[in-house]
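[1] here are the coordinates; sequence isn't available:
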């Protein structure tokens, strides 16, 4: 499924999108991210998933969805 199809259902504003990658999976645990995945960074009761964005990128995430408008993503990611 294309990123544009997934984010069209979200109420948030897409901050940056250099392309429309094919999303092969969706993960909220950075340890489970596989190449082609969309990583969902969210705040939980014990942990802030935004802290794990760098790990998700290293593991092959092609897009990041975050709760914070300051979510750091490299320019090559959506």
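    Everything's here; your move. Only a predicted model underlies this, so the values are computations on that prediction, with no experimental measurement involved.

[2] nearest the geometric middle of the protein, what residue?
    In the chain, the residue lying closest to the centroid (CA atoms, centre = their mean) is residue 64, at 1.5 Å.

[3] next structured bit after the helix or strand of the chain with the lowest mean pLDDT?
    The helix or strand with the lowest mean pLDDT-type score in the chain, counting by mean pLDDT, DSSP states H and E, is helix 3-7 (a mean of 78). Once the chain leaves helix 3-7, the next helix or strand it forms, by DSSP states H and E, is strand 25-27.

[4] could I get the buried residue list for that next one?
    residue 27 (16 or more other CB atoms under 10 Å). Just so you know, the C-beta spots here come from the backbone N, C-alpha and C atoms, and that holds for glycine as well.

[5] show me what contacts residue 22?
    1, 2, 3, 36 (CB atoms under 8 Å, 6 or more residues apart in numbering).

[6] buried ones among the residues you listed?
    The neighbour-count criterion (16+ other CB under 10 Å) marks residue 3 among the contacts of residue 22 as buried.

[7] let me see the contact set for residue 44.
    With contacts defined as CB under 8 Å, 6+ apart, residue 44 has no neighbours.

[8] on that earlier part again, quick one: the residue nearest to the centre of the chain is in a strand?
    Yes - under the criterion used here (DSSP: H, G, I helix; E, B strand; the rest coil), residue 64 sits inside a strand.

[9] okay, it: pLDDT?
    For residue 64, the model assigns a pLDDT of 88.

[10] I'd like to know the beta-bridge partner residues of it.
    Note on residue 64: beta-bridge partners by DSSP bridges are residue 39.

[11] surely it touches residue 53?
    Yes - under the contact definition of CB atoms under 8 Å, residue 64 touches residue 53, with a separation of 5.9 Å.
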